[in-house]
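**Q** coordinates only, no sequence provided:
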C-alpha cells in the first residue's frame with residue numbers, strides 16, 4: 001500500500017519548495033502558482049546497494065487557475081553531480097480541470113545514497129509540459145501500407161524527429177527487397193535503394209542514424225554473403241562499410257548514440273561474433289571471441305549513454321543449453337554475464353531502456369526468457385532488471401516465443417510488447433517497467449507484431465500478416 005515517506009521529509013519538502021516557472025499546457029500559458037505539485041506519496045522502496053535506495057513516488061497537481069489544463073506532465077531533474085539521481089523523471093496527470101487536484105497516473109523514481117545529505121541546490125525546478133496530441137497525426141489504428149499479394153512491407157523504424165518511417169518494401173512482381181521510406185501517416189512513399197541492380201537484396205531492419213541524415217541497412221548476395229551499407233534518405237551516397245569473401249555473413253547493424261560507431265554481427269563458418277566499426281567504415285574491431293557454434297554472440301545494442309553494449313551468448317535455435325545476457329564496454333572489455341545465476345533459458349531477447357542525454361536516466365534492461373521445458377505453460381516470461389543484473393522483476397507471462405519482440409518508450413518507462421491469450425490473435429500490450437500499472441491491451445482483434453514507439457510516444461507502429469501472407473505496416477495511438 002502506498003504510504004507517505006516520512007524519513008525523506010527533507011527531500012520531499014525541498015521538492016515542494018522549488019518554484020515552478022511559467023509553462024505552456026495545451027496551448028495555454030500557466031503561471032508559477034497556477035499548477036502546483038504537492039503531496040509526494042511513496043509507492044515503493046528498493047535497496048540497490050548497501051547504502052543506495054531507489055524510491056518511486058506519485059504526486060498530486062492542483063490547478064489554481066480558472067482554465068482547464070490539458071494533458072499535464074511534469075519533469076523532475078537533478079544535477080548530475082548530486083548523490084541523488086533521477087530514473088524515470090516524468091509524471092503524467094492527464095487533464096486537470098480548473099480548481100481541482102489530480103493524482104499522477106504513474107511515478108517518478110530517485111536513487112539516494114542515504115549516507116550523504118541531499119543538497120537542495122542540486123534539484124532543478126520542475127517544468128510542466130503537455131500539449132494535446134497533434135490532431136494532424138493519425139487517430140486510433142491506421143493502415144499505412146496496402147501490399148498486393150504476394151508482397152510485403154515490414155520492419156519499420158522511425159526517424160529521430162518522428163516525421164518519417166524507413167522500412168523494407170518487397171515488390172509483388174519480382175519479390176525484390178529494398179529500403180523504402182514514407183511519412184508517418186503513410187504518404188510520400190519513396191524507394192531509397194536499388195540493390196537488385198547490384199544482384200543483391202535488403203535484409204534486416206534498416207535504421208536511421210541518430211541525426212536522421214543516413215540510413216543503415218544490410219545487403220545480401222545469395223547464398224551466403226551479406227554486408228552493411230549506409231545511404232542518404234534521397235538514395236544518394238550508397239556506401240559499403242564491410243567487406244569479405246563468400247561465407248561472410250554480416251548483419252544487424254546498430255548505431256551508437258552519437259552516430260560515430262556501428263555494431264554488427266559477423267558469422268564465419270557458422271560462428272557468430274560482435275564487431276564495431278566507425279560510421280565511415282574505418283577501424284573495424286572484433287569485440288567478442290566466441291569459438292563454438294552453440295555459443296555464438298548476437299543481438300548487440302548500445303545503452304543510451306553509450307557506456308555499455310548489451311548482447312546475448314548462445315545459439316537460440318539449436319542449443320539445448322539455453323542463452324545468457326551479457327554487457328561489455330564499447331571496446332569489448334569488462335564482459336559480464338547478467339543472467340548466469342538464473343536457471344538456463346531458451347530464447348532470450350533483451351533491450352536497454354531508451355533516453356536522450358538531456359534527460360538522463362539510469363540504464364535498465366528488459367528481457368524475455370523462454371522456458372527450456374517443452375510443457376511449460378506459459379512458455380515464456382517478460383522481465384526487467386538493472387544494468388548489473390540485480391532487482392529482476394517479472395512484468396508479464398508470455399504465450400509466444402520465437403517471434404516475441406518489444407520496445408521501450410523514449411524518455412519514459414513504458415514498454416510495448418507482443419502477447420496473446422489462448423485462442424486469440426497476437427496483440428500488443430503496454431506495461432510500466434516498474435510494475436506500477438497492469439499490462440493493457442492495445443490492438444485486438446488485429447494480429448500485431450514488431451511494435452515500435454514513435455519518438456514522441458504518441459504512436460506505436462506494428463506489422464500485421466493477412467491470411468494470404470501479405471505483410472503491412474500499421475500504427476496505433478499510444479495509451
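**A** Alright, I've got the coordinates. Fair warning: this is a prediction, and the values are worked out from it, not measured in the lab.
**Q** all helices of the protein, in order?
**A** Listed in chain order, the helices found in the chain under DSSP state H are 9-17.
**Q** and the residue nearest the centre of it?
**A** residue 408 (2.8 Å; CA atoms, centre = their mean).
**Q** show me the contacts for the spatially closest residue to residue 142 that is not a sequence neighbour.
**A** Nearest-residue entry for residue 142: residue 475, 5.1 Å, with adjacent residues in sequence omitted and distances by CB to CB, 6 or more residues apart in numbering. In this view, the C-beta of every residue, glycine as well, is placed from N, C-alpha and C. Shown in contact with residue 475 (CB atoms under 8 Å, 6 or more residues apart in numbering): 138, 141, 142, 144, 184, 454, 459, 460, 461, 462.
**Q** of all those residues, which comes closest to residue 193?
**A** For the contacts of residue 475, the residue nearest residue 193 by CB to CB is residue 144; the value is 19.2 Å.
**Q** any idea how far residue 69 is from the closest residue to that closest one other than its chain neighbours?
**A** Closest residue in space to residue 144, ignoring its immediate chain neighbours: residue 186 at 3.5 Å, by CB to CB, 6+ apart. As for residue 186, its distance to residue 69 is 33 Å (criterion: CB to CB, to the nearest Å).
**Q** any weak-confidence spans in the stretch 301-450 of the chain?
**A** 315-321, 347, 358-360, 402, 421-424, 435-437, 443-445 (pLDDT under 70).
**Q** now the strands for it?
**A** Taking DSSP state E, counting those that start in this stretch to define them, one finds strands in the stretch 301-450 of the chain at 309-313, 324-328, 336-337, 348-352, 364-370, 380-386, 393-398, 406-408, 414-419, 427-432, 440-441, 449-453.
**Q** now tabulate these in TSV and tack on distance to residue 216.
**A** Converted to TSV, those look like this (distance: least, CB to CB, whole Å):
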stretch	distance to residue 216
strand 309-313	16
strand 324-328	21
strand 336-337	27
strand 348-352	17
strand 364-370	23
strand 380-386	27
strand 393-398	29
strand 406-408	18
strand 414-419	23
strand 427-432	26
strand 440-441	33
strand 449-453	16
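**Q** what number of residues lie near the residue nearest to residue 144?
**A** Using other CB atoms under 10 Å, residue 186 has 18 other residues around it.
**Q** what do you get for residue 291?
**A** Using other CB under 10 Å: residue 291 sits among 8 other residues.
**Q** per-domain residue ranges of the protein.
**A** With domains defined by automatic domain parsing, the chain comprises 6-129, 141-477.
**Q** what about the first one, average pLDDT?
**A** In this model, domain 6-129 carries a mean pLDDT of 68.
**Q** hang on, isn't residue 101 packed against residue 69?
**A** No: assessed by CB atoms under 8 Å, residue 101 is found out of contact with residue 69, at 11.7 Å.
**Q** partner residues bridging residue 228?
**A** Beta-bridge pairing for residue 228 (DSSP bridges): residue 218.
**Q** got the contact list for residue 38?
**A** 16, 59, 60, 61, 62.
**Q** most distant residue from the middle of this protein?
**A** residue 66 (38.4 Å).
**Q** got the phi and psi for that one?
**A** The phi/psi pair for residue 66 (degrees, to the nearest 10) reads phi -100, psi 20.
**Q** residues near the residue lying closest to it once chain neighbours are set aside, how many?
**A** In space, and not counting its chain neighbours, residue 66 is closest to residue 98: 5.0 Å by CB to CB, 6+ apart. Residues near residue 98, counting by other CB under 10 Å, number 12.
**Q** ok, now residue 64?
**A** So residue 64, with other CB under 10 Å, has 14 neighbours.
**Q** wait, isn't residue 84 in contact with residue 108?
**A** No: the pair residue 84 / residue 108 is not scored as a contact, 12.0 Å apart, by CB under 8 Å.
**Q** and these two? which has more neighbours close in?
**A** The residue with more neighbours, out of residue 84 and residue 108, is residue 108; 24 against 19, by other CB under 10 Å.
**Q** beta partners for that one?
**A** Taking DSSP bridges as the rule, residue 108 bridges to residue 57.
**Q** gap between it and residue 102?
**A** 15 Å.
**Q** please apply the same query to residue 42.
**A** Remark: distance between residue 42 and residue 102 (CB to CB) = 19 Å.
**Q** and if you look at residue 48?
**A** Distance, residue 48 to residue 102, by CB to CB: 30 Å.
**Q** check residue 266 too.
**A** Distance from residue 266 to residue 102, counting by CB to CB: 53 Å.
**Q** same question for residue 289.
**A** Going from residue 289 to residue 102 by CB to CB gives 55 Å.
**Q** higher neighbour count, those two?
**A** Ranked by neighbour count (other CB under 10 Å), residue 289 and residue 102 place residue 102 first, with 17 against 11.
**Q** contact partners for the more buried one?
**A** Contacts of residue 102 (CB under 8 Å, 6+ apart): 60, 61, 63, 72, 93, 94, 95, 96.
**Q** of the residues you listed, keep whichever come out buried.
**A** 60, 61, 63, 72, 93, 95, 96 (16 or more other CB atoms under 10 Å).
**Q** identify the residue nearest the fourth one in space, chain neighbours excluded?
**A** Pointing back at residue 72 there. Using CB to CB, 6+ apart, the closest residue to residue 72 is residue 93 (4.2 Å).
**Q** that neighbour contacts residue 106, doesn't it?
**A** No: Residue 93 is beyond contact range of residue 106, at 9.3 Å (criterion: CB under 8 Å).
**Q** who touches both of these two?
**A** Common neighbours of residue 93 and residue 106, counting by CB under 8 Å, 6+ apart, are absent.
**Q** of the contacts of residue 102, closest to residue 387?
**A** Of those, the one sitting nearest to residue 387 (CB to CB) turns out to be residue 93, at 29.6 Å.
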